[in-house]
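Asks: Quick one, fold the following:
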Amino acid sequence: MYLTGLLLLVFFVNVTMGAFFGNPFLDDVGEMLFLLGAAIAFAIVVLKQETKARQQEQQRQQ
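Replies: Predicted coordinates:
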């Protein structure tokens, strides 16, 4: 979960620096890879939490 936040933070800092100062530290491909990594990490976290919630619900039903 922290990895997702960190990747998004780096992405937004890069976009902000490019917008306000004209000097982003990542190129277009780097931005895309950071955003892709954040999306994949987010999906993994959501799926893990969903699995955990489903297991807890099954334990309550037993």
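
Asks: where does the protein dip in pLDDT?
Replies: Within the chain, no range satisfies pLDDT under 70.

Asks: what about the helices in it?
Replies: For the chain, applying DSSP state H gives helices covering 2-20, 28-61.

Asks: deepest of the ones you listed, which one?
Replies: Most buried of the helices of the chain by mean neighbour count (mean count of other CB atoms under 10 Å) is helix 2-20; its value is a mean of 14. For glycine as for every other residue, the C-beta is placed from the backbone atoms N, C-alpha and C.

Asks: Could you check the angle that one makes with helix 28-61?
Replies: On the basis of axes from the mean of the first three to the mean of the last three CA atoms, to 10 degrees, helix 2-20 is oriented at 150 degrees to helix 28-61.

Asks: just checking, what packs against helix 2-20?
Replies: helix 28-61 (3 or more CB pairs under 8 Å, 6 or more residues apart in numbering; DSSP states H and E).

Asks: Check which helices and strands the helix it packs on sits against.
Replies: helix 2-20.

Asks: which residues touch the helix it packs on?
Replies: 23-26, 30-31, 34-35, 37-38, 41-42, 45 (CB atoms under 8 Å, 6 or more residues apart in numbering).

Asks: could I get the residues you listed as TSV with distance to residue 5?
Replies: TSV is the format used below for those (distance: CB to CB, whole Å):
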residue	distance to residue 5
23	24
24	20
25	19
26	17
30	18
31	17
34	12
35	13
37	12
38	8
41	9
42	9
45	10
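
Asks: So residue 34 sits against residue 24, correct?
Replies: No. Residue 34 is not in contact with residue 24 according to CB atoms under 8 Å; the separation is 11.2 Å.

Asks: From residue 46, how far off is residue 8?
Replies: 14 Å (CB to CB, to the nearest Å).

Asks: how close does the nearest residue to residue 30 once chain neighbours are set aside get to residue 2?
Replies: Of all residues not flanking residue 30 in the chain, residue 14 sits nearest, at 7.7 Å (CB to CB, 6 or more residues apart in numbering). As for residue 14, its distance to residue 2 is 19 Å (criterion: CB to CB).

Asks: Perfect, I'm done here.
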